[in-house]
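1. show me how the following folds:
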Amino acid sequence: MSDGTSAPNPWRPISDPLALKHLGKLAEELGEASAAVARCIIQGVDEAEPVTGKVNREWLEDELADVFAAAKLVTQHFGLDQDRMIERRNRKVDQLIAWHQQSVEPTSPPTHAAHAPHVGCDP
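-> Got it, this is the predicted structure:
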């Protein structure tokens, strides 16, 4: 506006402490899972962390489980639509399977079903 006034801010940042804790923990766990994924890419999934000796596969499993737990709590706290999320997940699984198969020579059919139970993935 040319008269020096501005329009009201349409954003309403979250100020509820419990909501902030839920979202903050989810962000933290996502970061830790990203670090575990990066380690698996760099060192290999079945290699061990040099200092602790923990196998990268176990670290990845632990961090993904933590993400699933935090996501479940966020879903419950904010009353997110679990059915919609599951439908979206299933569509995404189909899309990702098709995408992965584009770069693989068709030597054999996939060894898993697209909608087999996904450990911890249901909200």
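
2. rest of the way, CA atoms for contacts and neighbours
-> Noted.

3. how distant is the helix or strand hosting Ala33 from the center of its chain?
-> Assigning secondary structure by DSSP states H and E places Ala33 in helix 17-43. Helix 17-43 has its C-alpha centroid displaced from the chain centroid by 8 Å (C-alpha atoms, centre = their mean, to the nearest Å).

4. what about that helix, average pLDDT?
-> On average, the pLDDT along helix 17-43 is 97.

5. in terms of secondary structure, what does that helix contact?
-> Contacts defined by 3 or more C-alpha pairs under 8 Å, 6 or more residues apart in numbering; DSSP states H and E place helix 17-43 against helix 56-78.

6. what does the helix it packs on contact?
-> Outside helix 56-78, the residues within contact range by C-alpha atoms under 8 Å, 6 or more residues apart in numbering are 19, 22-23, 25-26, 29-30, 32-33, 36-37, 39-40, 44-49, 80-82, 120-123.

7. quick one: the helix or strand that it is followed by to helix 56-78, angle?
-> Following helix 56-78 in sequence order, the next helix or strand is helix 82-102 (DSSP H and E). Counting by axes from the mean of the first three to the mean of the last three C-alpha atoms, to 10 degrees, helix 82-102 lies at 150 degrees to helix 56-78.

8. quick one: distance of helix 82-102 to the chain centre.
-> 13 Å.

9. how about stretch 78-92?
-> In terms of C-alpha atoms, centre = their mean, the centre of stretch 78-92 is set 13 Å apart from its chain centre.

10. what's the mean pLDDT across that stretch?
-> 98.

11. many thanks, we can stop here.
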